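Enquirer: Next one to model:
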Amino acid sequence: GTLNKVLLLFQAAFWEESEGRRDFWGVASQSAAQRGEAFQFWNMKRCTGQPMLLALHAGRAARLAGSREQAQTAAVRATVRALAAIFGEENVPEPIATLVTRWEHEPFSRGVYSHIAVGASTADYKALSAPLWDERLLWAGEATSWEHPATVAGAYITGLREAGRLSCRLLREAVIDQRKR
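Expert: Purely as a prediction, here's the structure:
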């Protein structure tokens, strides 16, 4: 499915009054039509020093029609609307800057991330990550991480996993070569 991010910069971190310095929080949509709109917010202030929120939009809510500018405006409006539903309209100022991803138009990923299908299990992740051809073809990426699927952390961790697997293989081959001499 598609997952887009909406980054909002504000004059001040208005959300900290009720949410505190919490790193992230999630919200349930008001209706089925709004499902996937701004369902999770990340407080970016601690890591950027700026009063910033990052909202996630998924599925239908992430695939907005129209020009890039129209889709970005719609995504920002939906995010501000979700914040107003949480904190009250009078407490949510207009953002002073915004940034919206449009991963579905990115030519290499086409906006997809892995998801767990109905009936799937950790065995599916293990099968997908299994090396092939005597460990000459290795698989990494968030889709091979049953502990952290659909995340950058999952992609990174599995890259480390496969780098370790490759290092062990190369060491074994070096030891075998040494013994043959």
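Enquirer: ok, and what's touching the helix or strand of the chain with the lowest mean pLDDT?
Expert: Lowest by mean pLDDT, DSSP states H and E among the helices and strands of the chain is helix 16-19, with a mean of 82. With contact meaning Cβ atoms under 8 Å, 6 or more residues apart in numbering, helix 16-19 is reached by 25, 43, 45, 87. Yep, even glycine has a C-beta here, placed from its N, CA and C like the rest.
Enquirer: how about that helix: buried residues?
Expert: Of the residues in helix 16-19, residue 19 count as buried by neighbour count, 16 or more other Cβ atoms under 10 Å.
Enquirer: Do you have the strands of this protein handy? List them.
Expert: 3-9, 24-26, 40-43, 52-58, 97-100 (DSSP state E).
Enquirer: ok, for residue 24, nearest residue in space, not its chain neighbours?
Expert: Of all residues not flanking residue 24 in the chain, residue 42 sits nearest, at 4.5 Å (Cβ to Cβ, 6 or more residues apart in numbering).
Enquirer: quick one: pLDDT of that neighbour?
Expert: Looking at residue 42, its pLDDT stands at 91.
Enquirer: same deal with the one 3 residues further on?
Expert: Reading off the per-residue confidence, residue 45 sits at a pLDDT of 92.
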